[in-house]
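# Have a look at this prediction, sequence included:
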Amino acid sequence: QAQVVESGGGLVQAGGSLTLSCAAPGLIFSNYAVGWFRQAPEKEREFVAAISASGSRTDYVDSVKGRFTISRDNAKNTAHLQMNSLKPEDTAVYFCALSPFAQATVALRYDRWGRGTQVTVTS
């Protein structure tokens, strides 16, 4: 199965910014919706943001609206999550996932997952 690869995680102070990237070499990227999920220690994985296969629709969890922006470049087979005004509660492992559905906000609709990238926000 084609691999999904995240990059761009790191350590940042509260109020700072990070951009996560997602790539899926070997896939026709434009056939898939892209979602970002995160999992903090001792918590369940939660939906963060999603963008439709065409890029025309985006969805966000309420806690990141106005701070995070999801985007995609189908020509480059990549997607990004721009995270601004980061808070300590954003600390988690962030996962990129691909869905064969046109748009998806639940994990069950995603069938290709990356291994995750750590984002740590210090106060």
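Done, it's in.
# What does the pLDDT read for L27?
What the model reports for L27 is a pLDDT of 87.
# Burial check on it, number of neighbours?
A count of nearby residues for L27, using other Cβ atoms under 10 Å, gives 16. Glycine gets a C-beta too; all of them are placed from N, C-alpha and C.
# Check F29 too.
Each residue near F29 was counted by other Cβ under 10 Å, and the total is 21.
# close enough to count as contact, it and C96?
No: contact criterion Cβ atoms under 8 Å: F29 and C96 do not qualify, at 11.5 Å.
# hey, what's in contact with both of the two?
A79 (Cβ atoms under 8 Å, 6 or more residues apart in numbering).
# measure the spatially most central residue of the chain to T19 for me?
For the chain, the residue nearest the mean C-alpha position is W36 (2.5 Å; Cα atoms, centre = their mean). Taking Cβ to Cβ, to the nearest Å as the measure, W36 falls 12 Å from T19.
# hey, what's in contact with both of these two?
L81.
# in this protein, which spans are helices?
With helices called from DSSP state H, the chain shows none.
# low pLDDT regions in it?
Within the chain, the ranges that satisfy pLDDT under 70 run 1-2.
# and I70, bridged to which residues?
Beta-bridge partners recorded for I70 (DSSP bridges): L81.
# thinking it is in contact with F47, fair?
No: contact criterion Cβ under 8 Å: I70 and F47 do not qualify, at 11.4 Å.
# neighbour-wise, which of these two wins?
A count of neighbours by other Cβ under 10 Å puts I70 above the other of I70 and F47, at 23 against 19.
# which residues touch that one?
By Cβ under 8 Å, 6+ apart, I70 lies in contact with 34, 36, 49-51, 58, 60, 79-82.
# got it, and A40?
With contacts defined as Cβ under 8 Å, 6+ apart, A40 is in contact with 89, 91-93.
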